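*Asks:* 3D model of this:
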Amino acid sequence: MNRHLRQPAFASPIAKRSPLARGLVMAVLMNGGTTFHDSSGVAGPGQYTPALVSLTNGVNAHGKHFEFTATSTSTHIRWPNSAFVPTDGNITVSLLYERVDGTNRFASSWGIDTSLSGNAYRLDGWYPANDGLVYFQFGTTALTASGITFGADHWVSTSGPRGMEIWQNGFLRASNGTFPSRTGDVTMPFKLGQILSGVGVTNDLARYNVFCMWNRQLETREVWALSADPYAPWRNPV
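*Replies:* This next block holds a predicted model:
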């Protein structure tokens with residue numbers, strides 16, 4: 001993956017002529033340091049938790065980022081209404097994400113907070129969980145990947161006609177033939193940077209550059225293109 005990416009300016013609009021704009025329901029730039037912006041215009045504004053203090057900003061291999069700097073906290077960024085999150089099994093999530101240390105924690109990188117319900121509502125990604133495995137969970141179905149080393153990585157989790165998949169830096173790390181579904185409830189917030197509150201409040205030490213979500217399974221060639229340039233949704237084709 002290109003480690004010298006040209007990062008879009010903060011609050012840049014999505015390039016609507018880009019093929020990767022199709023089905024995009026969330027496109028969050030974190031290159032404003034401790035601010036962030038959803039360019040898709042679908043998910044609506046996110047917000048910090050009132051006590052969000054363990055946050056800093058800087059530059060890593062992917063450009064400007066914000067960074068969670070404390071563990072065992074309830075700090076996170078949340079979107080109170082999760083109506084934009086797919087339920088029918090057609091989904092792709094892309095994340096530029098860097099682990100800050102080597103400790104595996106019981107903390108989700110992103111996900112629906114299902115503290116008021118059961119696993120049928122679940123959607124989350126763990127890079128990794130406390131057992132060292134990478135998880136992509138959609139409803140009651142989970143896909144795991146093992147034997148992975150971590151750094152400043154580009155992760156893609158996808159589900160659709162090909163089944164569920166986990167990609168790391170353009171390489172397919174795990175897949176199955178399952179086409180899952182989940183139950184939607186708009187009262188459940190969508191979160192970046194914290195475990196689901198029904199299980200605990202452990203934050204991960206990690207840096208976020210960009211987060212995108214589609215209501216479709218990206219084609220394999222699109223996953224490869226996105227891994228070469230995770231900021232492609234902001235660029236018009238040339």
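*Asks:* what about the helices in the chain?
*Replies:* Along the chain, counting by DSSP state H, helices occupy 220-228.
*Asks:* pLDDT wise, what is residue 50 at?
*Replies:* If you check residue 50, the pLDDT there is 57.
*Asks:* go on, the one 4 residues further on?
*Replies:* The score at residue 54 is 80. That number is its pLDDT.
*Asks:* report the separation between it and residue 206.
*Replies:* Using CB to CB, to the nearest Å, residue 54 is found at 12 Å from residue 206. Heads up, the C-betas are built off the backbone N, CA and C, glycines and all.
*Asks:* list the residues that contact both of those two?
*Replies:* Counting by CB atoms under 8 Å, 6 or more residues apart in numbering, the contacts common to residue 54 and residue 206 are residue 68.
*Asks:* those two - which one has more neighbours?
*Replies:* Neighbour totals were compared for residue 54 and residue 206, and residue 206 leads with 23 against 17 (other CB atoms under 10 Å).
*Asks:* low-confidence ranges, the protein, go.
*Replies:* Residue ranges of the chain with pLDDT under 70: 1-4, 32-35, 47-51, 114-117, 197-200, 238.
*Asks:* go again with 90.
*Replies:* Low-confidence segments of the chain (pLDDT under 90): 1-7, 9-12, 16, 29-58, 64, 66-83, 105-108, 112-122, 184-204, 236-238.
*Asks:* distance check, the nearest residue to residue 102 once chain neighbours are set aside against residue 236.
*Replies:* Residue nearest to residue 102 in three dimensions, not counting chain neighbours: residue 150, with 7.8 Å by CB to CB, 6 or more residues apart in numbering. Relative to residue 236, residue 150 is positioned 33 Å away (CB to CB).
*Asks:* when the two are compared, which one has more neighbours?
*Replies:* Between residue 150 and residue 236, counting by other CB under 10 Å, residue 150 is the more crowded of the two (17 against 10).
*Asks:* what's that one in contact with, if anything?
*Replies:* Contacts of residue 150 (CB under 8 Å, 6+ apart): 99, 102, 127-128.
*Asks:* widest-spaced pair of those residues?
*Replies:* 102 and 127 (13.1 Å; CB to CB).
*Asks:* for the two, work out which one has more neighbours and name it.
*Replies:* Remark: of residue 102 and residue 127, residue 127 carries more neighbours, 26 against 8, as counted by other CB under 10 Å.
*Asks:* before we move on, the earlier item: same list (the contacts of residue 150) but as JSON lines, adding distance to residue 45.
*Replies:* Supplementary listing: the contacts of residue 150 in JSON lines, determined by distance: CB to CB, whole Å:
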{"residue": "99", "distance to residue 45": "28"}
{"residue": "102", "distance to residue 45": "34"}
{"residue": "127", "distance to residue 45": "25"}
{"residue": "128", "distance to residue 45": "30"}
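*Asks:* just give me the neighbour total for residue 61.
*Replies:* By other CB under 10 Å, 17 other residues sit near residue 61.
*Asks:* any idea how far stretch 175-195 is from the chain center?
*Replies:* In terms of CA atoms, centre = their mean, to the nearest Å, the centre of stretch 175-195 is set 11 Å apart from its chain centre.
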